[in-house]
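Engineer: I would like to see how this sequence folds:
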Amino acid sequence: MELGEVQERLMKIVKIRVNSKGYELSAEQSFIHLVEEMGEVARQISHKTMRPEKFDENNLKEEIVDMLFECIVMAETCDMDLCKEIKNKLSKLEERFPSN
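Structural biologist: Next up is the predicted model:
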């Protein structure tokens, strides 16, 4: 699946959710949700070493995807062309760290 398709499908869902709850989507709100998701990833990573009986690998995977989704939503709220910006960043990294 292409990133553009993921972004399009995700934003349809997000807009339905936002409309049903009666609030406006904003970069600030998206950032808060991102931090929340990061905390959930951190909890699972912590559980893996400190409380293995509570570690849930499937939940860790889901929370990582939630983090990625929230980054996509934030990019949308900031009017970013995410695919373009990712390509630009990859080019910069490839110049900085050539594979030869």
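Engineer: Which helix or strand in the protein has the lowest average pLDDT?
Structural biologist: Across the helices and strands of the chain, mean confidence by mean pLDDT, DSSP states H and E is lowest for helix 3-21: a mean of 93.
Engineer: Which elements pack onto the helix or strand that that helix is followed by?
Structural biologist: Sequence-wise, the next helix or strand downstream of helix 3-21 (DSSP states H and E) is helix 27-50. Applying 3 or more CB pairs under 8 Å, 6 or more residues apart in numbering; DSSP states H and E, we find helix 27-50 packed against helix 57-77. To be clear about C-beta, it is placed using only N, CA and C from the backbone, and glycine gets the same treatment.
Engineer: Show me the contact partners of the helix or strand that the helix it packs on is followed by.
Structural biologist: Scanning forward in sequence from helix 57-77 by DSSP H and E, the next helix or strand is helix 82-96. The set of residues external to helix 82-96 that reach it, using CB atoms under 8 Å, 6 or more residues apart in numbering, is 3-4, 7, 72, 75-76.
Engineer: What subset of the residues you listed is buried?
Structural biologist: For the contacts of helix 82-96, a burial check counting by 16 or more other CB atoms under 10 Å picks out 7, 72, 75-76.
Engineer: And the least confident helix or strand of the chain, how far out from the chain middle?
Structural biologist: Between the centre of helix 3-21 and the centre of its chain there are 13 Å (CA atoms, centre = their mean, to the nearest Å).
Engineer: what does stretch 44-53 give?
Structural biologist: Distance of stretch 44-53 from its chain centroid, counting by CA atoms, centre = their mean, is 22 Å.
Engineer: contacting residues for the residue nearest the centre of the chain?
Structural biologist: What sits nearest the mean C-alpha location of the chain, by CA atoms, centre = their mean, is residue 68, with 1.9 Å. For residue 68, the contact set (CB under 8 Å, 6+ apart) is empty.
Engineer: ditto for residue 6
Structural biologist: Contacts of residue 6 (CB under 8 Å, 6+ apart): residue 72.
Engineer: give me the number of residues near the closest residue to residue 74 other than its chain neighbours?
Structural biologist: Excluding its sequence neighbours, the residue lying closest to residue 74 (CB to CB, 6 or more residues apart in numbering) is residue 30, at 4.1 Å. Per other CB atoms under 10 Å, the neighbour tally for residue 30 reads 21.
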